[in-house]
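Peer 1: got a sequence here, can you model it:
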Amino acid sequence: MTLVWRHLLRPLCLVTSAPRILEMRPFLSLGASWTSVTKLSLHTRPRMPPCDFTPERYQSLGYNRVLEIHKEHLSPVVTAYFQKPLLLHQGHMEWLFDAEGNRYLDFFSGIVTVSVGHCHPKVNAVAQKQLGRLWHTSTVFFHPPMHEYAEKLAALLPEPLKVIFLVNSGSEANELAMLMARAHSNNIDIISFRGAYHGCSPYTLGLTNVGTYKMELPGGTGCQPTMCPDVFRGPWGGSHCRDSPVQTIRKCSCAPDCCQAKDQYIEQFKDTLSTSVAKSIAGFFAEPIQGVNGVVQYPKGFLKEAFELVRARGGVCIADESKWRHERLWTVMCPSFHTFYFFPLEIAKSLAKRLQYFNTFGGNPMACAIGSAVLEVIKEENLQENSQEVGTYMLLKFAKLRDEFEIVGDVRGKGLMIGIEMVQDKMSRRPLPREEVNQIHEDCKHMGLLVGRGGIFSQTFRIAPSMCITKPEVDFATEVFRSALTQHMERRAK
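Peer 2: This next block holds a predicted model:
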């Protein structure tokens, strides 16, 4: 296969926009000594685990100056999570430090991208060494970091996943995957799930089916949505449908080896093939677990059967794996290619016949050297095993909160990718109003825990810590959630 790769950590290759500032308030003290956020928290304060790292003293721009620069020069799109957006200063492994001296447990990992932790010492050392040797050269020249990295990546997966394209972002990777699918199949139509997020570029907006990211302007053409097989919020699904130790609380009569919800969703998929696309199609995009839509898991066996239907129509199957960290998935799905690792050689050749593909920053020496170091750290520190063990432990801990609180409708996920969906009540499954979810989110931050958000109504908390996370830190995170939920229920009762 050919890889479309989003560089691990992607340093020096990407400049991201800072959040729009929603409130202008000065720092309490930029010269304050470093402290735990728990000292600033609410009336119930779980004890934050210790950290043996001491960050540098913050000596850069003042908060108000940051606000001024942002409002004058940076993107006006509102992306800030909190009423007072964080001004981050330094990171170490699973921890982040802001300019006021507060420490946070990072359970969102830079939107699920910081795999082995912030500023891992080995990764830092490799980056510094490469920085003194060669910063950048395009792929028209060879350099060892690119080839060493490619060889390590190719060794991770079986045939035919062996040919690699190095690119700069998930959107760019998915655009290239769309182009290659169409070049290989000589067809146009591509299917993706409702609730899918595959990028915000003009081309990939056709694949993305989350209303927040849609525009009134023309986007990618030839893309058709199909029903998302969501066993919690969709029309079918129940307590035996997921390949997971935690099931939805909805009841179903499925046998262990026969999922009726899967069969119903497959019929919907067949209906899309029969009515919305041509007889021959280019392909089908799917996140193995939907990320932006709130860590949505499909019924057991759905993707395998859907992929077979797509191949029968001449299409190729693209698993958008930019946020996926669970090795065992490959034994279940066997996709034609995916945008996080590799393409088959024959699909790569189909593109080469029509286009001399070139990427200025794909294969950057710095990014490739760092990517190789990250892969070495994952192996040396047994981080895949840690992800499975600690991830399962975390999933079960959060599932207990669902049993305790009526507003926690669903807990789902795999490995270190978990979603906690908030509802008004379990019976109706109506989303908890955004302003209430916002307050719970704020309370978690005040107690030192940073998590993400997702879902069509921003009703789902997205949990995705770095692979170095430990069980004591999971215990802290779940206690923070319990405290935030308790405080919310107290506010509701008043």
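Peer 1: the stretch 301-450 of the chain: strands as residue ranges?
Peer 2: For the stretch 301-450 of the chain, strands defined by DSSP state E, counting those that start in this stretch occupy the ranges 316-319, 337-338, 408-414, 417-422, 449-450.
Peer 1: list the contacts of residue 383.
Peer 2: When contacts are counted by C-beta atoms under 8 Å, 6 or more residues apart in numbering, residue 383 is found next to 115-116, 377, 467-468. All C-beta spots, glycine's among them, are computed from the backbone N, C-alpha and C.
Peer 1: where does this protein have low pLDDT?
Peer 2: 1-44, 322-346 (pLDDT under 70).
Peer 1: which segments of it make up each domain?
Peer 2: With domains defined by automatic domain parsing, the chain comprises 33-119+382-493, 169-358.
Peer 1: mind putting these into TSV with distance to residue 153?
Peer 2: Shown next, in TSV, are the domains of the chain (distance: least, C-beta to C-beta, whole Å):
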stretch	distance to residue 153
domain 33-119+382-493	13
domain 169-358	6
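Peer 1: for stretch 150-169, buried residues please.
Peer 2: 150, 152-154, 157, 160-169 (16 or more other C-beta atoms under 10 Å).
Peer 1: sorry, wrong one. I was asking about stretch 369-381.
Peer 2: Residues of stretch 369-381 classed as buried: 369-375, 377-378, 381 (neighbour count, 16+ other C-beta under 10 Å).
Peer 1: can you give me the helices for the stretch 151-300 of the chain?
Peer 2: Remark: helices assigned in the stretch 151-300 of the chain by DSSP state H, counting those that start in this stretch are 170-185, 260-275.
Peer 1: go through the ones you listed and name the closest to residue 356.
Peer 2: Proximity to residue 356 (C-beta to C-beta) singles out helix 170-185 among the helices of the stretch 151-300 of the chain, at 12.7 Å.
Peer 1: packing partners of that closest one?
Peer 2: strand 4-6, strand 165-167, strand 190-193, strand 283-286, strand 316-319, strand 337-338, helix 345-352 (3 or more C-beta pairs under 8 Å, 6 or more residues apart in numbering; DSSP states H and E).
Peer 1: assumed residue 52 was part of a helix.
Peer 2: No. Using DSSP: H, G, I helix; E, B strand; the rest coil, the assignment for residue 52 is coil, not a helix.
Peer 1: quickly note the distance from it to residue 95.
Peer 2: To residue 95, residue 52 is 10 Å away according to C-beta to C-beta, to the nearest Å.
Peer 1: residue 483 now?
Peer 2: Residue 483 is 20 Å from residue 95, where distance means C-beta to C-beta.
Peer 1: before we move on, what about residue 415?
Peer 2: 21 Å.
Peer 1: ok, now residue 228?
Peer 2: 35 Å.
Peer 1: likewise residue 274?
Peer 2: 52 Å.
Peer 1: more neighbours: the two, which one.
Peer 2: Legend: neighbour count by other C-beta atoms under 10 Å for residue 274 and residue 95, higher for residue 95 (22 against 9).
Peer 1: OK, contacts around that one?
Peer 2: Residue 95 touches 51, 53, 103-106, 118, counting by C-beta under 8 Å, 6+ apart.
Peer 1: in stretch 82-101, what's buried?
Peer 2: Buried residues in stretch 82-101, counted by 16+ other C-beta under 10 Å: 85-87, 89-101.
Peer 1: count of neighbours near residue 428?
Peer 2: Residues near residue 428, counting by other C-beta under 10 Å: 9.
Peer 1: gap between it and residue 402?
Peer 2: In terms of C-beta to C-beta, residue 428 sits 16 Å off from residue 402.
Peer 1: now do residue 89
Peer 2: 35 Å.
Peer 1: and if you look at residue 416?
Peer 2: 18 Å.
Peer 1: those two: which is more packed in?
Peer 2: A side-by-side neighbour count of residue 416 and residue 402, using other C-beta under 10 Å, places residue 416 first with 27 against 20.
Peer 1: surely the more buried one meets residue 394?
Peer 2: Yes. With contact defined as C-beta atoms under 8 Å, residue 416 counts as touching residue 394 (7.3 Å).
Peer 1: joint contacts of these two?
Peer 2: Contacts common to residue 416 and residue 394, judged by C-beta under 8 Å, 6+ apart, are 463, 469.
Peer 1: burial count for the nearest residue to residue 269 once chain neighbours are set aside?
Peer 2: Of all residues not flanking residue 269 in the chain, residue 306 sits nearest, at 5.3 Å (C-beta to C-beta, 6 or more residues apart in numbering). Per other C-beta under 10 Å, the neighbour tally for residue 306 reads 26.
Peer 1: what sits against residue 306?
Peer 2: 266, 269, 284, 286.
Peer 1: now do residue 229
Peer 2: 193, 237, 261-262, 265, 268, 298-299, 302.
Peer 1: neighbours of residue 421, how many?
Peer 2: 26.
Peer 1: check whether it really touches residue 232, as I assumed.
Peer 2: Yes. If you go by C-beta under 8 Å, residue 421 and residue 232 touch, sitting 6.8 Å apart.
Peer 1: where do the contact lists of the two overlap?
Peer 2: The contact lists of residue 421 and residue 232 share 409-410, 412, where a contact means C-beta under 8 Å, 6+ apart.
Peer 1: among those, which one sits closest to residue 442?
Peer 2: Of the shared contacts of residue 421 and residue 232, the one sitting nearest to residue 442 (C-beta to C-beta) turns out to be residue 409, at 20.3 Å.
Peer 1: I figured that closest one was touching residue 402, is that so?
Peer 2: Yes. Between residue 409 and residue 402 a contact is recorded at 7.4 Å, counting by C-beta under 8 Å.
Peer 1: residues that sit against both of those two, list them.
Peer 2: Joint contacts of residue 409 and residue 402 (C-beta under 8 Å, 6+ apart) are residue 249.
Peer 1: ok, now how distant is the residue nearest to residue 185 when sequence neighbours are not counted from residue 452?
Peer 2: Distance criterion C-beta to C-beta, 6+ apart; nearest residue to residue 185, sequence neighbours excluded, is residue 282 at 4.7 Å. As judged by C-beta to C-beta, residue 282 and residue 452 stand 32 Å apart.
Peer 1: of these two, which one has the most company?
Peer 2: Legend: neighbour count by other C-beta under 10 Å for residue 282 and residue 452, higher for residue 282 (28 against 22).
Peer 1: ok, residue 481 to residue 415 distance?
Peer 2: From residue 481 across to residue 415, the span is 19 Å (C-beta to C-beta).
Peer 1: residue 140: which element?
Peer 2: Using DSSP states H and E, residue 140 falls within no helix or strand.
Peer 1: quick one: contacts for it?
Peer 2: Residue 140 neighbours (C-beta under 8 Å, 6+ apart): residue 358.
Peer 1: cutoff 10 Å now
Peer 2: 358, 360 (C-beta atoms under 10 Å, 6 or more residues apart in numbering).
Peer 1: so how far is residue 168 from it?
Peer 2: 17 Å.
Peer 1: next one: residue 191
Peer 2: In terms of C-beta to C-beta, residue 191 sits 26 Å off from residue 168.
Peer 1: what does residue 313 give?
Peer 2: For residue 313, the distance to residue 168 - C-beta to C-beta - is 31 Å.
Peer 1: try residue 442
Peer 2: 33 Å.
Peer 1: leaving aside the residues adjacent along the chain, what's closest to residue 237?
Peer 2: Nearest to residue 237 is residue 231, by C-beta to C-beta, 6+ apart, at 2.6 Å.
Peer 1: one step back: and among the helices of the stretch 151-300 of the chain, the most buried is which?
Peer 2: For the helices of the stretch 151-300 of the chain, the largest average neighbour count (mean count of other C-beta atoms under 10 Å) is found in helix 170-185, namely a mean of 24.
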